[in-house]
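Predicted model and sequence below, questions to follow.
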Amino acid sequence: MHLPPSKSIANRILVLSFLSGGIPAVQKTWGQLQQQWQQLPDDIQLMYIALKTLASNALPITINASDAGTVLRFLLPLVAMHIDIPVKFIGSERLFQRPLTPLIEALTSSGAKWSVKKNSGILTPPPNKKDHLKLTIDAEQSSQFISGLAMSIAGLKNGGTISWNTPLASAAYLTLTQLCLQKFNCNANLQKNSIEIPGNSLTPLITERRPLSTDWSAAAVALCAAAILGKQIKICNLNPKDGQPDIAILEILRKVGCEWYFENETCIFTGRLKKGIHADLNDCPDLAPPLATLAVFAPNISKLSGLSTLPHKESDRIKGIIRLVEWFGGRVETLADSAIKIFPTNTVHHTPAHPFDPDNDHRLVFAAAIGALLTGGTILNQQCTSKSWPGFTPNILLTDH
């Protein structure tokens, strides 16, 4: 049994395959992914289907993004810069509640038009496309806006530049985009407040033996489970150099008493929870739910900061974390500057009296499953985990990967 692949990397590679070699390159990449992984997360499947739809001659074109933020935020720029006809995007109610305005403003400044209705919108590309773009964007809510723009700008003849004068949310994910661009022979110049993307440089991905490594977000769930249980696990096919921001989990857990080392791409991890957790998660906000669960069972008070993007995820994860901590018998104090303090449970581990509702958020299911290994308890709507981890059950966390 394997942990799932990184959907963050996979969806970037699929978009760049489309821009560098069209649908034949996308299908080649897709074939490699299917050979390597028996099941692929919903978000990766949605991206593949969307790219095939864009390449088809079937009109009108409708893209179903469902709950996938990367599908919507990566493909809006692609349509604006590389497709000649309007495209309708549909998705869940929550998807269209999440931040999108800064990206739309950047696209309309270059001549595109966006008309939005309930749970849908139509992007009309500009009538006269430019071969070079210079854009300014508000980056405080999501780095995905910049990642989507950067990848599509790389497909322009003369490239372009994106600048921002606001704090950059989840900056490490933009570094991940830069690394993915390098795989396609595009050497973007990333600075503190800008990224310059050369044009006419994308070439199809050279065949790799394993184009994708395990998702560090999923690995973090397994590692937190090992920490809470005080056990040793092994996780295979983990690349510590592939740029995934959630590798930060290793150093965070080392500071609370865990130990780990690598044998090639296998991580041998020994879990121990000796103290409270203190971590700035600005670059890796997806770690907040599993670490919050861990904090409930830590011997001391914990503090998690850098959580400004959490209210805008698949659910309001700040509210979800508060409910989750209380479900396990702990308490949360919200602080200024997007931080929370978590007070551990003072009681013997008890089975929660009522089920936990994850609000259709896969990462809250994972976090609840970690604590339930100690307490038991019923977690509702576990099927939403197929978004990033198909086939997930809490018992998976008791095995090596």
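Cool, got the structure. Numbers count the residues shown, from 1 in each chain.

Next up, the contacts around the nearest residue to Trp37 once chain neighbours are set aside.
Leaving out its chain neighbours, the residue that sits closest to Trp37 by C-beta to C-beta, 6 or more residues apart in numbering is Pro5, at 5.3 Å. Every C-beta, even on glycine, is put in place using the N, C-alpha and C of the backbone. Going by C-beta atoms under 8 Å, 6 or more residues apart in numbering, Pro5 touches 33, 36-37, 40-41, 44, 212-215.

cutoff 10 Å now
33, 36-37, 39-41, 44, 210-215, 218, 237, 388-389 (C-beta atoms under 10 Å, 6 or more residues apart in numbering).

bridging residues for it?
Thr214 (DSSP bridges).

Tell me the confidence at it?
Here the pLDDT value assigned to Pro5 is 93.

Equivalent analysis for Ile63, please.
97.

Just the element for it, please.
If you go by DSSP states H and E, Ile63 is part of strand 61-66.

And the contacts of that strand?
Strand 61-66 has contacts (C-beta under 10 Å, 6+ apart) with 42-43, 45-47, 49-51, 53-55, 71-76, 79, 83, 85-92, 95-96, 120, 122-123, 387.

from the chain's centre, how far out does it sit?
Remark: strand 61-66 is offset 19 Å from the chain centroid, using C-alpha atoms, centre = their mean, to the nearest Å.

buried residues in that strand?
61, 63-66 (16 or more other C-beta atoms under 10 Å).

Over to stretch 164-174?
Those would be 164, 168-174, for stretch 164-174 by 16+ other C-beta under 10 Å.

mind listing which of those are in helices?
Using DSSP state H, the members of the buried residues of stretch 164-174 that fall within helices are 171-174.

Can you add pLDDT and distance to Gly306 and give the residues you listed back as CSV?
Below are these laid out as CSV (pLDDT from 0 to 100; distance: C-beta to C-beta, whole Å):
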residue, pLDDT, distance to Gly306
Ala171, 96, 11
Ala172, 97, 11
Tyr173, 97, 13
Leu174, 98, 15
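
sorry, back to before: downstream neighbour of the strand holding Ile63 in the secondary structure list?
helix 69-82.

got the angle for that following helix vs strand 61-66?
160 degrees (axes from the mean of the first three to the mean of the last three C-alpha atoms, to 10 degrees).

quick one: low-confidence ranges for the stretch 301-401 of the chain?
Flagging of the stretch 301-401 of the chain using pLDDT under 70 yields the residue ranges 348, 400-401.

Could you do the stretch 1-150 of the chain as well?
In the stretch 1-150 of the chain, residues with pLDDT under 70: 1-2.

So Pro299 belongs to a helix, correct?
No. Applying DSSP: H, G, I helix; E, B strand; the rest coil, one finds Pro299 to be coil, outside a helix.

Can you tell me the SS state at the closest residue to it other than its chain neighbours?
Excluding the flanking residues, the one nearest Pro299 by C-beta to C-beta, 6+ apart is Lys275, at 6.3 Å. Recorded secondary structure, Lys275: coil (three-state DSSP).

Start the count at 23 instead of 1 going forward.
Fine by me, first position is 23 from now on; the one you just mentioned is Lys297.

Surely Lys297 touches Gly279?
Yes. Here Lys297 reaches Gly279: they are 6.6 Å apart, a contact under C-beta atoms under 10 Å.

how about the helices of the stretch 323-423 of the chain, start to end?
339-349, 384-397 (DSSP state H, counting those that start in this stretch).

Is Ala161 located within a strand, as I assumed?
No. Membership of Ala161 in a strand is not supported by three-state DSSP, which gives coil.

Tyr195 is in contact with that one, correct?
No. The pair Ala161 and Tyr195 fails to qualify as a contact (C-beta under 10 Å) at a distance of 11.1 Å.

overlap in contacts of Lys297 and Gly279?
320-321.

Identify the residues contacting Lys214.
So Lys214 contacts 186, 190, 193 (C-beta under 10 Å, 6+ apart).

Sorry, slip of the keys, the one I care about is Arg34.
Arg34 neighbours (C-beta under 10 Å, 6+ apart): 28, 69, 92, 96, 169-170, 172-173, 195, 198-199, 201-203, 205-206.

okay if I get the buried residues of strand 83-88 as CSV plus distance to Lys214?
As requested, those are exported to CSV (distance: C-beta to C-beta, whole Å):
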residue, distance to Lys214
Ile83, 38
Ile85, 33
Asn86, 37
Ala87, 31
Ser88, 34
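
and the contacts of Pro27, which of them are in helices?
55, 58, 66, 240.

Determine how far the last residue of stretch 402-419 lies from the first.
Terminal residues of stretch 402-419 lie 18 Å apart, using C-alpha to C-alpha, to the nearest Å.

buried set for it?
In stretch 402-419, counting by 16+ other C-beta under 10 Å, buried: 403-404, 406-412, 414, 416, 418-419.

what's around the closest residue to Asn180 other than its chain neighbours, how many residues?
Nearest residue to Asn180, sequence neighbours excluded (C-beta to C-beta, 6+ apart): His154, at 3.8 Å. Residues contacting His154 under the criterion other C-beta atoms under 10 Å number 12.

repeat for Lys296
Count around Lys296 with other C-beta under 10 Å applied: 12.

residues in contact with the residue nearest to it when sequence neighbours are not counted?
In space, and not counting its chain neighbours, Lys296 is closest to Gly279: 3.4 Å by C-beta to C-beta, 6+ apart. When contacts are counted by C-beta under 10 Å, 6+ apart, Gly279 is found next to 249, 252, 292-297, 320-321.

Give me the buried subset of those residues.
Using 16+ other C-beta under 10 Å as the burial test, the contacts of Gly279 include 249, 292-293, 295, 320 as buried.

Would you mind checking which of the buried residues of stretch 402-419 is nearest to Gln49?
Gln49 has its nearest neighbour among these in Pro412, at 20.8 Å by C-beta to C-beta.

my guess is Lys50 meets Leu227, correct?
Yes. Shown here, Lys50 and Leu227 form a contact pair, counting by C-beta under 10 Å, at 8.1 Å.

more crowded one of these two?
Leu227 (20 against 16).
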